[in-house]
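[1] Predicted model follows, preceded by the sequence.
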Amino acid sequence: MISATCVAPVNIALIKYWGKRHEDLILPVNDSISMTLSTDELCAKTTVCASESFEENRMWLNGEEVPFEGSSRLQRCLKEVRRLALSNGSTKVPPAWKLHIASVNNFPTAAGLASSAAGYACLVYSLSRLYGIPLDEELTTVARQGSGSACRSLYGGFVQWHRGALDDGSDSVAKQIAPSNHWPQMHVLILVVNDERKKTASTKGMQQAVKTSQLLKHRVDKVVPERIEQLRDAIAAHDFQTFAELTMKDSNQFHAIALDTYPPCVYMNDVSHRIVSFIHDYNEIMGSYQAAYTFDAGPNACLYVLEENVPHLLNAIQKVFPSGSIENTTYLRGLSVPKVDNSHSLESAKQSKIDSLDINARNAFRYIIHTKVGEGPTELSADNSLLSNGLPLGH
């Protein structure tokens, strides 16, 4: 029996991926750029185990056994990893051995928090460790076939997924733009508005958008190529002002495409829109972009903010979106936030304008996660395994 246990991060797209030109190979209609988040706060964890004593392939997700043979994407990833192992001459796992796989997320699944990206990246990376395959661009093509954006979670920092042009998808790969230590001051506040499963799955939403949205065609041809170059330059130059504007505009256009889809897909809700208004008001009061929002296919906001500006932004959020759970240790999760003391308080004119902003109904968020730019997947020691003798712990 041999096994590998790994963790892999969530990534949040800054320039969005929405729409495929090939459904089975998961080839995107446009390039995308993402930022990888720290695994300390958000991650998938997977153990893969192979043994000649296993009678069949089995898988458990968040403690529940799920059909192994019923998932075509899972089958494709395993087939591709085995193909790479064969081409690399790796013989660590005999071909006849069956696999047992256990995976858990430390955050809600299918709620618009990129759980499938982290999950498939972790699966593919764990399989690569088990089979003795190096992490390279070719491995990102395998993760892509599990969940498109999973290819970006194989790297830390800032990552570009290149759409590619070849029909076989071999040039549709993810490449790191900059490592996490390039811009370590980049932090994120995730405002979790709703962590329930979303009404319209991303796969279905994309399919309908490609079929029916005229705006999507314009975005792919005219908008994304220029934004990709501008955002790459902004990241290289630590230019938060350009970074913020591009990120917010691209989020807005993505959700406009969701509405331009027929029938429309609605991922944001009233609270989401109030967050958007608040961020624009806050930036105007502060005199520059201090925060930038992006929303994936769900109502939850990811706010990008430089580390030095986190305390003031969080103070303003808690004033405008009051919560009865602020003192609860599970409400503000992740990295600690320094208190704003008198020596670091805002000038009175700005503070008075923030104090005059409309206050929303209480308890608009379930919780807030404070995290930062992070590294790619890592392998853990054997004592972190989710399996014992091939079965989930506790079975």
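    Yes, it's here.

[2] mind giving me the domain split of the chain?
    For the chain, automatic domain parsing gives the domain ranges 2-179+378-392, 186-372.

[3] Make CSV out of those and add mean pLDDT and mean neighbour count.
    Every residue, glycine included, has its C-beta placed from N, CA and C. As requested, the domains of the chain are arranged in CSV below (pLDDT from 0 to 100; neighbours: other CB atoms under 10 Å):
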stretch, mean pLDDT, mean neighbour count
domain 2-179+378-392, 94, 20
domain 186-372, 94, 17
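
[4] Enumerate every residue touching R152.
    N11, A13, S32, S34, T36, A117, V159, W161, A174 (CB atoms under 8 Å, 6 or more residues apart in numbering).

[5] What segments of the stretch 51-200 of the chain are strands?
    58-61, 64-66, 98-105, 158-161, 174-178, 186-192 (DSSP state E, counting those that start in this stretch).

[6] Save those as CSV, and put in distance to S213 too.
    Shown next, in CSV, are these (distance: least, CB to CB, whole Å):
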stretch, distance to S213
strand 58-61, 32
strand 64-66, 32
strand 98-105, 30
strand 158-161, 20
strand 174-178, 25
strand 186-192, 27
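
[7] secondary structure element for the residue nearest to F243 when sequence neighbours are not counted?
    Closest residue in space to F243, ignoring its immediate chain neighbours: A234 at 4.4 Å, by CB to CB, 6 or more residues apart in numbering. In the assignment (DSSP states H and E), A234 maps to helix 224-236.

[8] tell me the angle of that helix relative to strand 174-178?
    40 degrees (axes from the mean of the first three to the mean of the last three CA atoms, to 10 degrees).

[9] just checking, what packs against helix 224-236?
    strand 11-15, strand 32-36, strand 158-161, strand 174-178, helix 240-260 (3 or more CB pairs under 8 Å, 6 or more residues apart in numbering; DSSP states H and E).

[10] go again using 7 Å as the cut-off
    Contacts defined by 3 or more CB pairs under 7 Å, 6 or more residues apart in numbering; DSSP states H and E place helix 224-236 against strand 11-15, strand 174-178, helix 240-260.

[11] Tabulate the ones you listed in TSV, adding columns for distance to P225.
    What follows is the helices and strands packed on helix 224-236, written out as TSV (distance: least, CB to CB, whole Å):
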stretch	distance to P225
strand 11-15	10
strand 174-178	15
helix 240-260	13
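
[12] What segments of this structure are helices?
    72-87, 115-131, 137-144, 202-212, 214-218, 224-236, 240-260, 270-286, 310-320, 348-355 (DSSP state H).

[13] got a markdown table for those helices, with distance to S153 too?
    Shown next, in a markdown table, are these (distance: least, CB to CB, whole Å):
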| stretch | distance to S153 |
| --- | --- |
| helix 72-87 | 13 |
| helix 115-131 | 3 |
| helix 137-144 | 7 |
| helix 202-212 | 15 |
| helix 214-218 | 24 |
| helix 224-236 | 18 |
| helix 240-260 | 18 |
| helix 270-286 | 24 |
| helix 310-320 | 24 |
| helix 348-355 | 36 |
